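>>> no sequence on this one, just coordinates:
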């Protein structure tokens, strides 16, 4: 059996990849994908804990996160398309209308 | 409370006059302003007379009239209650009577002043506060009047506030008075602490029932001296007299009303009112007597060398107030009040006559530029002559009766007081006759008047180009004549101690016991009387010798006296001394410590540094908020990492 710590390390690596991607990428879609990566890193740790403790709560949470992520993807992609249509760019540094 | 006297009307009437003139006077005509300014104090005087007539039929003396309730706090209470006994009745009549005459006079004197309405508003306001002071039934209400007259005095001294000297004289009077008021207030606090009341009746009752002993005497002496400090401020006694000569910057009617006849006597009134306290505190009483005696002599000597006609009168006022305190100090309160009354007549008259003289010569106040005026302004000269005789204490003028009474009482207490009083009487007579001779005798020394000094003392017909001194209008002369009449005969109420017996119910039987001794030594009294009249005549003769028959002598004497004369001429350098001793250290201390030190280095710097610090921190911190989305994310990530690290550290630590 794979020990719990392996899952957690993988989960941490996934999450860190998400964070790093979020921080260093300029393309909105890549950033969006980084967010998904972070969510899934967390999901992994949820299910790992659920399996380890034989508790269903973790799995239930994963479903919630997935539902939210799906909804977020729908809204987020719509926003990205809208941004692209008006700004003709996906570079977040150039989407700076509110900046002084 | 049967058959109310409606005493409250007396102070409220002038207040109404002050309010009407103050608020509406600017747009009213001079006639309207003077009508209002005269009718209200006149009505107050009439009412006071009515009260005086009904006084003997009052069921109960002192009569108290409750007007409104004011302070009720725990066991302490002070109400707007008026108090009428023989003492306040005398003061009431003096204040309203002399005050009303001076109001009439002011109509003529101030006619051409642009702020005519303001003057009458202030005068009426002053009357209101003075009457409050006199009619109060507790020290707190008295204190309101006390402060109020100080305010009115400040406003009126600085009436021509565009003139720098007038403005600063007003401030000086106010500030010097504050020092006295401070003592008065502390005295009141002590009264509250020990008697939980400020009502005259209650306090005096408690004082009378205090057990004899060192403790009681210490307490009462402390209170008495503190009250005397207050009286020193208001009544211009050593060491707080310095404001009064400067107060002559105000219009002359103000000098007459406030700084001679009424307000400055408030201190005497207060001491007389508190006689119960003072009688049980012999040391405090002695302080009063010594201060009074010294002031009388000191101010009189300064009066000799002054050349400003109003300054001479100012110092003579201080000196006469000294007499009143001397009387109070030897326990002869009724003699003090008697002198207060006669002094109000003749000093009011002197000032008004001086105002008439100043008016006549077009604003000139220097006596060296007067002279020979008796043929130009005979009525003024005659009335002023009467007043001079009265203040010099020559029989049978008013001043003789009261001054002689004081000297007699002083002699009974201690011959030193009497002797100094006698010397002062000699000096008084000398400088008053000097004033009279310099002003009215000889030849006119002034230049023909072409332009008016202040632009304020012009007579009504707008005749600017008058070269000759001219007599004042009738509206100014009538008050002079009435006051001259009072200065002539006002003293007769004191014949056979009539005045003293009238005040007996107030000051108690202490003096009645003295009366027994008095009959025994009536011979001595007559002797002293002749001595004092003789001394007064001597002073007059000396003044005649120096200023009429041998006018070259004064300069020679002045040269012979040298530096002493200079000291007297410069008022013993007291103002300079105070400036060095108190004013300069205060200014220096305020500048270097309070202003440059505390205000700039502590308060300003605290505020400025706080602001600077906030700006510096913000300057640094604002770089965080760059608007760059990814840097925000970085901060969030770093923050979360820090939180997680902390949690882990917590977990490890446990």
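Perfect, thanks for sending it. Just so it is clear, the model here is predicted, and its values are computed rather than measured. Numbering: from 1, shown residues only, chains lettered A, B, ... in the order given.
>>> what residues does the helix or strand hosting residue B:481 touch?
Following DSSP states H and E, one finds residue B:481 within helix B:474-489. The contact list for helix B:474-489, computed with CB atoms under 8 Å, 6 or more residues apart in numbering or on different chains, reads B:98, B:101-102, B:104-105, B:107-109, B:342, B:345-346, B:348-349, B:352-353, B:355-356, B:359, B:379-380, B:382-383, B:386-387, B:390, B:396-399, B:471. All C-beta spots, glycine's among them, are computed from the backbone N, C-alpha and C.
>>> buried residues in it?
Residues B:475, B:476, B:477, B:479, B:480, B:481, B:482, B:483, B:484, B:486, B:487, B:488 are the ones in helix B:474-489 that count as buried (16 or more other CB atoms under 10 Å in any protein chain shown).
>>> Close to chain A: what parts of chain B are there?
Residues of chain B lying close to chain A (CB under 8 Å from any CB of the partner chain) are B:627, B:628, B:629, B:630, B:633, B:634, B:637.
>>> which of those are buried?
Buried among the residues of chain B next to chain A by 16+ other CB under 10 Å: B:629, B:630, B:633.
>>> Measure how buried residue A:98 is and give me the count.
6 (other CB atoms under 10 Å in any protein chain shown).
>>> let me redo that: residue B:72
So residue B:72, with other CB under 10 Å, has 10 neighbours.
>>> ditto for residue B:53
Residue B:53, neighbours per other CB under 10 Å, totals 9.
>>> Same question for residue B:578.
Neighbours around residue B:578, by other CB under 10 Å: 15.
>>> Apart from its chain neighbours, what residue comes closest to it?
Of all residues not flanking residue B:578 in the chain, residue B:242 sits nearest, at 6.3 Å (CB to CB, 6 or more residues apart in numbering or on different chains).
>>> and the gap between that neighbour and residue B:262?
In this view, residue B:242 and residue B:262 are 20 Å apart by CB to CB, to the nearest Å.
>>> Over to residue B:544?
Applying CB to CB to residue B:544 and residue B:262 gives a distance of 33 Å.
>>> which of those two has more neighbours?
Counted by other CB under 10 Å, residue B:544 and residue B:262 do not tie: residue B:262 has more neighbours, with 28 against 17.
>>> so what's the more buried one up against?
Counting by CB under 8 Å, 6+ apart, residue B:262 has contacts B:94, B:95, B:98, B:99, B:130, B:149, B:344.
>>> element containing residue B:556, please.
Counting by DSSP H and E, residue B:556 is part of helix B:553-561.
>>> Get me the contact residues on chain A for chain B.
Residues of chain A lying close to chain B (CB under 8 Å from any CB) are A:19, A:22, A:23, A:24, A:26, A:92, A:93, A:96, A:98, A:99, A:100.
>>> Just want the most central residue of chain B.
For chain B, residue B:264 is the residue whose C-alpha lies nearest the centre (CA atoms, centre = their mean; 2.7 Å).
>>> elements contacting the longest helix belonging to chain A?
Assignment by DSSP state H gives helix A:57-87 as the longest helix of chain A. Packed against helix A:57-87, as judged by 3 or more CB pairs under 8 Å, 6 or more residues apart in numbering or on different chains; DSSP states H and E, are the following elements: helix A:28-53.
>>> average pLDDT for stretch B:477-496?
For stretch B:477-496, mean pLDDT rounds to 87.
>>> picking that back up, out of the buried ones among the residues of chain B next to chain A, who's nearest residue B:498?
For those, the minimum distance to residue B:498 (CB to CB) is 104.0 Å, reached by residue B:629.
>>> about what we covered before: need the buried ones among the residues of chain B next to chain A in JSON lines (columns: secondary structure, pLDDT and distance to residue A:46).
What follows is these, written out as JSON lines (DSSP: H, G, I helix; E, B strand; the rest coil; pLDDT from 0 to 100; distance: CB to CB, whole Å):
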{"residue": "B:629", "secondary structure": "helix", "pLDDT": "75", "distance to residue A:46": "28"}
{"residue": "B:630", "secondary structure": "helix", "pLDDT": "78", "distance to residue A:46": "27"}
{"residue": "B:633", "secondary structure": "helix", "pLDDT": "83", "distance to residue A:46": "23"}
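>>> Just name the closest of those residues to residue B:214, please.
Once CB to CB is applied, the member of those that ends up nearest residue B:214 is residue B:633, at 86.1 Å.
>>> show me the contacts for that closest one.
A:22, A:23.
>>> now the one residue in the stretch 451-600 of chain B that gets nearest to chain A: how far from residue B:615?
Residue nearest to chain A within the stretch 451-600 of chain B (CB to the nearest CB): residue B:600, separated by 37.4 Å. Distance of residue B:600 to residue B:615, given as CB to CB: 20 Å.
>>> mind listing what residue 8 touches?
Using chain A. A:45, A:48.
>>> The intended chain is chain B.
Residue B:8 touches B:65, B:67, B:82, counting by CB under 8 Å, 6+ apart.
>>> can I get the residues you listed in TSV with pLDDT and distance to residue B:371?
Converted to TSV, the contacts of residue B:8 look like this (pLDDT from 0 to 100; distance: CB to CB, whole Å):
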residue	pLDDT	distance to residue B:371
B:65	88	53
B:67	89	53
B:82	91	49
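>>> Quick one, which of the residues you listed are buried?
Of the contacts of residue B:8, these count as buried by 16+ other CB under 10 Å: B:65, B:67, B:82.
>>> Just the element for the first one, please.
Element membership for residue B:65 (DSSP H and E) is strand B:63-73.
>>> Name the SS class of the residue in the stretch 501-650 of chain B positioned nearest to chain A, please.
The stretch 501-650 of chain B approaches chain A most closely through residue B:627 (3.4 Å), counting by CB to the nearest CB. With DSSP: H, G, I helix; E, B strand; the rest coil as the basis, residue B:627 sits in coil.
>>> Quick check: beta-bridge partners of residue B:68?
residue B:80 (DSSP bridges).
>>> what about residue B:144, neighbour count?
17.
>>> hang on, the earlier thing: among the contacts of helix B:474-489, which are located in helices?
Checked against DSSP H, the contacts of helix B:474-489 include these in helices: B:98, B:101-102, B:104-105, B:107-109, B:342, B:345-346, B:348-349, B:352-353, B:355-356, B:359, B:379-380, B:382-383, B:386-387, B:390, B:398-399.
>>> before we move on, the earlier item: any idea how far the helix holding residue B:481 is from the middle of the chain?
Relative to the chain's own centre, helix B:474-489 is displaced by 23 Å; criterion: CA atoms, centre = their mean, to the nearest Å.
>>> helix or strand right after it?
helix B:498-507.
>>> Next one: the residue of the stretch 501-650 of chain B closest to chain A from residue B:151, what distance?
62 Å.
>>> Likewise for residue B:160?
17 Å.
>>> and the two? which has more neighbours close in?
Just comparing residue B:160 and residue B:151: by other CB under 10 Å the higher neighbour count belongs to residue B:160, 19 against 16.
>>> The more buried one touches residue B:249, doesn't it?
Yes: using CB atoms under 8 Å, residue B:160 is in contact with residue B:249, at 7.5 Å.
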